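A.B. asks: A predicted structure for the sequence below; I have some questions about it.
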Amino acid sequence: MTDQANPGAAMAGTPDGATVPPANNGSPAGGATDFLAGLQNAESRQWVESKGYRALDPLVESARHADRIQAEYNEFKAKALTPPAADAKPEDWQAFYARLGRPETAEGYEFRLPQGLPEGFAYDGQSASAYRGWAHEAGLTPRQAQSLHDRFVQHQAGQQSAYVQAIVQRGEAAQSALVRAWGDTDSAAFRQNVEFADRFIRQNGGEALMGELKSSGLISPDGYVLSPALAQAMARAGKALYAEDQFATGGVAGGSRSAAETLYPVDPFRR
């Protein structure tokens with residue numbers, strides 16, 4: 001009886017020759033091997049399952065891809081130009097400007113004049129030299145500095161053209177006013193009034209007075225009358241003070257230049 005098989009034991013044990021299936025600790029249905037069997041962290045297992053991974057290969061590929069992305073980001077971050085913090089040291093800003101491409105010194109900027117400037121434009125080299133220092137201090141790249149330089153020069157050219165045009169218009173208006181008051185420019189009355197005004201200037205300051213009149217905008221730098229009221233006042237004063245002098249004849253006094261030549265070194269009424 002001792003050799004008789006025990007039905008209960010046979011039922012409770014494993015039959016001879018049978019294979020023991022692996023424990024199913026959350027493995028896929030159908031007895032497939034659980035590829036996360038060694039993963040002990042419950043939150044990590046939950047995250048993997050939430051992503052829908054059912055095998056180890058796609059999970060590893062995803063991890064490798066993320067690692068490549070992180071490496072590329074780190075490389076990009078290392079090359080990226082990030083402005084220093086608000087409390088950064090001056091040397092930090094200098095290093096940042098250098099990485100942007102700013103020249104080592106202000107003399108490293110080489111400016112070219114923009115196209116389309118008016119003929120005879122007076123380029124201010126001294127201001128350009130000062131601008132180089134400002135551009136370097138601000139950390140501008142050569143391209144940025146050239147762009148601002150061109151815009152400023154073009155602005156100056158526009159102002160200069162507007163100024164010249166305004167002078168021409170004032171000169172033409174002054175001519176019309178004096179012609180109405182004194183007659184045609186070729187008339188004896190016109191020439192005599194010019195001589196009286198000229199004598200007044202020469203007897204009351206000469207070149208110094210003429211310089212004041214130019215700097216005040218009453219006479220143009222080239223000698224154009226811009227204030228007909230002033231010209232008439234000087235002519236009246238000259239007539240009252242010096243009418244008996246021999247110069248007031250329309251000719252040359254004492255071998256000197258004519259009054260018109262002194263008052264107007266260039267033709268003040270030329271168009």
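C.D. replies: In hand now; what should we look at? Numbers count the residues shown, from 1 in each chain.

A.B. asks: from residue 145, how far off is residue 89?
C.D. replies: Residue 89 is 24 Å from residue 145, where distance means Cβ to Cβ, to the nearest Å. Heads up, the C-betas are built off the backbone N, CA and C, glycines and all.

A.B. asks: equivalent analysis for residue 225, please.
C.D. replies: Between residue 225 and residue 145 the computed distance is 43 Å (Cβ to Cβ).

A.B. asks: quick one: contacts for residue 242?
C.D. replies: Going by Cβ atoms under 8 Å, 6 or more residues apart in numbering, residue 242 touches 196, 199, 200, 203, 248.

A.B. asks: how about 6 Å then?
C.D. replies: Residues near residue 242 by Cβ atoms under 6 Å, 6 or more residues apart in numbering: residue 199.

A.B. asks: show the pLDDT at it.
C.D. replies: Note on residue 242: pLDDT of 82.

A.B. asks: hang on, the earlier thing: out of residue 89 and residue 145, which sits in the busier spot?
C.D. replies: A side-by-side neighbour count of residue 89 and residue 145, using other Cβ atoms under 10 Å, places residue 145 first with 24 against 10.

A.B. asks: residue 150: which element?
C.D. replies: Secondary structure assignment for residue 150, by DSSP states H and E: helix 142-182.

A.B. asks: tell me which strands and helices that helix is in contact with?
C.D. replies: Where contact means 3 or more Cβ pairs under 6 Å, 6 or more residues apart in numbering; DSSP states H and E, helix 142-182 is packed against helix 188-203, helix 228-242.

A.B. asks: quick one: it to chain centroid distance?
C.D. replies: 23 Å (Cα atoms, centre = their mean, to the nearest Å).

A.B. asks: also stretch 196-210?
C.D. replies: In terms of Cα atoms, centre = their mean, the gap separating the centre of stretch 196-210 from the centre of its chain is 47 Å.

A.B. asks: that older thread, the helix holding residue 150 vs helix 228-242, what angle?
C.D. replies: For helix 142-182 against helix 228-242, the angle by axes from the mean of the first three to the mean of the last three Cα atoms, to 10 degrees is 50 degrees.

A.B. asks: any idea how many residues pack against the closest residue to residue 150 other than its chain neighbours?
C.D. replies: Closest residue to residue 150 apart from its sequence neighbours, by Cβ to Cβ, 6 or more residues apart in numbering: residue 114 at 4.1 Å. For residue 114, the count of nearby residues is 15 (other Cβ under 10 Å).

A.B. asks: quick one: contacts for the residue positioned nearest the centre of the chain?
C.D. replies: With distances taken as Cα atoms, centre = their mean, residue 148 lies nearest the centre of the chain, 3.6 Å away. By Cβ under 6 Å, 6+ apart, the contact list for residue 148 is empty.

A.B. asks: okay, it: pLDDT?
C.D. replies: 95.

A.B. asks: where does the prediction get shaky in the chain?
C.D. replies: Residues of the chain meeting the criterion pLDDT under 70: 1-33, 244-271.

A.B. asks: domain parsing for it?
C.D. replies: Split into domains by automatic domain parsing, the chain comes to 90-162, 183-263.

A.B. asks: of all those, which one is nearest residue 51?
C.D. replies: domain 90-162 (40.2 Å; Cβ to Cβ).
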